[in-house]
Every structure is written in structure tokens, then in C-alpha cells.
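Q: just coords:
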């Protein structure tokens, strides 16, 4: 049985994110996966924080909490009650849970009348930021938003190892951080952004080469400038070459960052070139991963995608050479071109039923991939989706001057009778197997 007091005593920081708590539990209690996942889901639901804040719990509140967690996470009642009891004893005092009159366990239909189980709602745990930090107008250029609010458009102070973005300046609330506001601060290693800040514009912390840690406020809703998508794609390479409109944290040394649960927008190239970033959880409010969001994150090994995700943008994970597996949530309908280009270790890819479009070159140069199941719902598959490049001398007559480009010879496609996937695999000469018999 997992002892939560031992887990929290081992590392108080584990309460800041699901992934940190999971790592501690695995260290202390290897092999207890089911109990661990239940405890994580119960904590993630926010119920323990409510109980701790109230300092007490009634029988009716207990029953309501159990029902809420069951509905949100699709867990069995008996496991929810075990996990909730552990958190109650941790948040109030040992023995409290035993005094509660437990509700009767009843079977619940989780399919809502159809054959597909309802998706688990994942909501990453928010980070702890700071409040009521006053700044001096001598250190900033400001833009007035209204009579009581300002946006920081330029940091003019001295670079230090740790900087705090203030919540107020001259008694006015800071609600946003403008484009390139802290760009190229060469000495900063940690940024703490105070509570109250709602948005961060493109390039705000880009090219801070030794920035390793960022603490974001729970009030943050938008990371990155909202752009006119009809104008940005044609300038994509210009962005990469000149640094114009760079992503908020592009080209930094961030290894781990906790995104607040209320985040609803993550702009293009947000973490582009963050070659030290190892893992990230995306909040449920994110419905689209924009162009090149994680492009060049060569250390990225784990990403948890939100259930509300609908679109994965072009080059979104291009060059994530350490990424080994990816599971798409149930609502994804489009994967745009080159989304997983040159993810050389990517082997286990779980595509969802409901996926409609796989664009050109999506899994190009994914040399570790040996099999994939294409869902029956696909209506469009682009060109060279599974191709591999083989580079040659510019004078080699086998090539087009630089490389030959052919389908991955190790790949087998599992597909369904009469599907677009079957048609595609046959046209490309890729070996096929019946997905219905897997």
C-alpha cells in the first residue's frame, strides 16, 4: 500500500505535477501501478485541495466527490474510494476516512449508450507561482491596456540568475508580457511569473540560452501571439532564420515546465529549439498544437496530449529524435504535413478512430517504425507519409542530386477492408495486414 505521507516527505515538489509525483511513487513503490494511477487521478481532480481547504468532510460530500471522480476519470468506485480515503487521511488527519459512512457501490454505464468508452479527462496539475510582487517602472517599458492595467513591452533592468516578472508596476496590474520583452537575457537561469498575468506574446523569453526553469501563474491563459494563419506559413523559414516572431521560449535550456490547467492557447514555435526539454503535459484547454511548437526538441521523450486536442500542426514535433511513442486522444481529426518528421526513435504510434486526415510527409524519416494501424475513419492520406531519405553525393546518378526517397522497407501497415488506409498501402506497395484480426 502506498503511504502518501512518505511520498510527500520524500519530495514536497512532487505536488507540483503529475509527472513528478509519478516519478517519486515509482521510486518508492515500484510495481504498484494501479494504486499509483488512482492516487494521481484523485489528486488531479482537485478534490484533495478542496478537502484540505475546508478542513473537514461530510458523508454527503464524500459521496459527491466519489461520483465526480468516477464520472470524470472513468474509474471503478471501489478504487476511487480507496484513493480518496488515502488523500483524506493525508489532508485532514489519519483515521478520518474510517469514520465516514461510505456510499453503496452501484454499477454505472460508462458508454453513454454507445460501444466506445468515454475518454478520461486529463487536467495537468498547475504550478505554484507568487502573488503581490511590485515592480519599478525604471526597469520596464510599458503599454497601457486600460486605466488599471499594463503590459510589459521591454525589460530594461540588469540580467540576474533569477528574475521575477511583477504582478504590479506603479500600482497598476500587469496583465501581459509583450513581444520580445525579455528576449536574449543571457544570464537568467530562472523566471518566476507572478499571479495575475494572463498572456505572453511571441519571443518574450526566446534566446535566453541558459534559462532552465520557468514558473508560470495559474492565471495564464495564452502563450504566444495569435496570428493570421493565412500569412504565417509562407514566412516559416524566415522566422527560423531571422528570429522574427520567435516562439515564447524558443532556443532556451528549459528541461521541464508545468503548464497551468487554465491555459487555452499555445502559439507556434513556443518551444522550438528547446533541445533540453525532456517531458511535458499539455492542459485540456489546448485544442491545437501549432506549427513547429516542439520542432527541434531533441531530448523530448514524453508528452501527454490533452483529450480536447483536434489538430496537430505542421512540423509540430519535427526533429524530436528521442520520442519513442505517441498516443493520439479520441478527438484528433487532422495531422498536418511533416508533423513527426525525423522522429528517428518513434516506434509506437497509436492513431485514434475518428482521425480524418494524415497530410504529406507526416512520418517521414521515422526509421524505427516497423508497424502502424491506420484507422477506418481516414478520408485523406498525403504523399510520402512514411518515406525515408538516403543521402548520396550530388554526383550519384541513383539520386535526384542529393538523396533517394522511398517508403520505409521495414514497415507493415495494419488497415481495414475497404478503407482509405488499405487503398494507400496497396498503391505505395507497403505490406499490409488485417487490423480487425490484431
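A: Here it is on my side, so go on. Fair warning: this is a prediction, and the values are worked out from it, not measured in the lab.
Q: how near is the residue positioned nearest the centre of the chain to residue 410?
A: In the chain, the residue lying closest to the centroid (Cα atoms, centre = their mean) is residue 282, at 2.5 Å. Here the distance between residue 282 and residue 410 works out to 30 Å (Cβ to Cβ, to the nearest Å). Heads up, the C-betas are built off the backbone N, CA and C, glycines and all.
Q: same check, this time on residue 213
A: For residue 213, the distance to residue 410 - Cβ to Cβ - is 40 Å.
Q: check residue 47 too.
A: Look at residue 47 and residue 410: by Cβ to Cβ, they are 47 Å apart.
Q: what number of residues lie near residue 339?
A: 25 (other Cβ atoms under 10 Å).
Q: got a list of what it touches?
A: Neighbouring residues of residue 339 by Cβ atoms under 8 Å, 6 or more residues apart in numbering: 312-318, 359, 362.
Q: mind running it again at 6 Å?
A: 312, 316, 362 (Cβ atoms under 6 Å, 6 or more residues apart in numbering).
Q: now residue 211
A: Residue 211 neighbours (Cβ under 6 Å, 6+ apart): 188, 252-253.
Q: how about a markdown table for those residues, with neighbour count and pLDDT added?
A: A markdown table is the format used below for the contacts of residue 211 (neighbours: other Cβ atoms under 10 Å; pLDDT from 0 to 100):
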| residue | neighbour count | pLDDT |
| --- | --- | --- |
| 188 | 22 | 95 |
| 252 | 27 | 97 |
| 253 | 16 | 97 |
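Q: residue 47 and residue 410: which is more packed in?
A: More neighbours surround residue 47 than the other of residue 47 and residue 410, with 25 against 13 (other Cβ under 10 Å).
Q: how near is residue 328 to residue 305?
A: Distance from residue 328 to residue 305, by Cβ to Cβ: 7 Å.
Q: ok, for the residue nearest to the centre of the chain, nearest residue in space, not its chain neighbours?
A: Closest residue to residue 282 apart from its sequence neighbours, by Cβ to Cβ, 6 or more residues apart in numbering: residue 306 at 4.9 Å.
Q: how many residues are close by the one you found?
A: So residue 306, with other Cβ under 10 Å, has 22 neighbours.
Q: likewise residue 284?
A: 18.
Q: residue 427 too?
A: That count, for residue 427 with other Cβ under 10 Å as the rule, works out to 9.
Q: quick one: residue 13 is in a helix?
A: Yes: Residue 13: assigned to a helix according to DSSP: H, G, I helix; E, B strand; the rest coil.
Q: related to what we said a few turns ago, how much space between the residue nearest to the centre of the chain and residue 18?
A: Residue 282 is 12 Å from residue 18, by Cβ to Cβ.
Q: separation between residue 434 and residue 257?
A: Counting by Cβ to Cβ - residue 434 and residue 257 are separated by 42 Å.
Q: those two: who's more crowded?
A: Shown here are residue 434 and residue 257; by other Cβ under 10 Å, residue 257 has more neighbours (21 against 11).
Q: for residue 300, see how far away the more buried one is.
A: Counting by Cβ to Cβ, the gap from residue 257 to residue 300 is 12 Å.
Q: and stretch 286-294, what's buried?
A: 286, 288-294 (16 or more other Cβ atoms under 10 Å).
Q: er, stretch 140-156 I mean
A: 140, 142, 149-153, 155.
Q: average pLDDT for it?
A: Stretch 140-156 shows a mean pLDDT of 95.
Q: just give me the closest of the buried residues of stretch 286-294 to residue 372.
A: Distances from residue 372 to the buried residues of stretch 286-294, taken as Cβ to Cβ, are shortest for residue 289 (19.6 Å).
Q: residue contacts, the closest one?
A: 312-313, 316.
Q: same check on residue 29?
A: residue 2.
Q: recalculate using a threshold of 8 Å.
A: 2, 35-36.
Q: are any of those residues buried, and which?
A: 35-36.
Q: quick one: which of the contacts of residue 29 is nearest to residue 425?
A: Distance to residue 425 across the contacts of residue 29 (Cβ to Cβ) is lowest for residue 36, with 39.0 Å.
Q: the closest one belongs to a helix, doesn't it?
A: Yes: judged by three-state DSSP, residue 36 forms part of a helix.
Q: surely it and residue 28 touch.
A: No: between residue 36 and residue 28 there is no contact under Cβ atoms under 8 Å: 9.9 Å.
Q: joint contacts of those two?
A: residue 2.
Q: state the number of residues packed around the closest residue to residue 251 other than its chain neighbours.
A: Using Cβ to Cβ, 6+ apart and skipping the chain neighbours, the partner closest in space to residue 251 is residue 273 (4.3 Å). Residue neighbour count, defined by other Cβ under 10 Å, stands at 22 for residue 273.
Q: surely residue 273 meets residue 294?
A: No: using Cβ under 8 Å, residue 273 makes no contact with residue 294, being 9.7 Å away.
Q: where does pLDDT dip in the stretch 201-350 of the chain?
A: Within the stretch 201-350 of the chain, the stretches with pLDDT under 70 are 227-245.
Q: what pLDDT does residue 87 get?
A: With respect to pLDDT, residue 87 scores 89.
Q: how about the secondary structure of it?
A: helix.
Q: so how far is residue 50 from it?
A: As for residue 87, its distance to residue 50 is 10 Å (criterion: Cβ to Cβ).
Q: equivalent analysis for residue 100, please.
A: In terms of Cβ to Cβ, residue 100 sits 15 Å off from residue 50.
Q: more neighbours, these two?
A: Ranked by neighbour count (other Cβ under 10 Å), residue 100 and residue 50 place residue 100 first, with 17 against 13.
Q: all helices for the chain, in order.
A: Along the chain, the segments classed as helices by DSSP state H run 4-10, 18-28, 33-44, 47-54, 59-73, 77-91, 229-232, 236-242, 420-428.
Q: now for those, which one comes closest to residue 338?
A: Across the helices of the chain, closest to residue 338 is helix 236-242 (Cβ to Cβ), at 10.7 Å.
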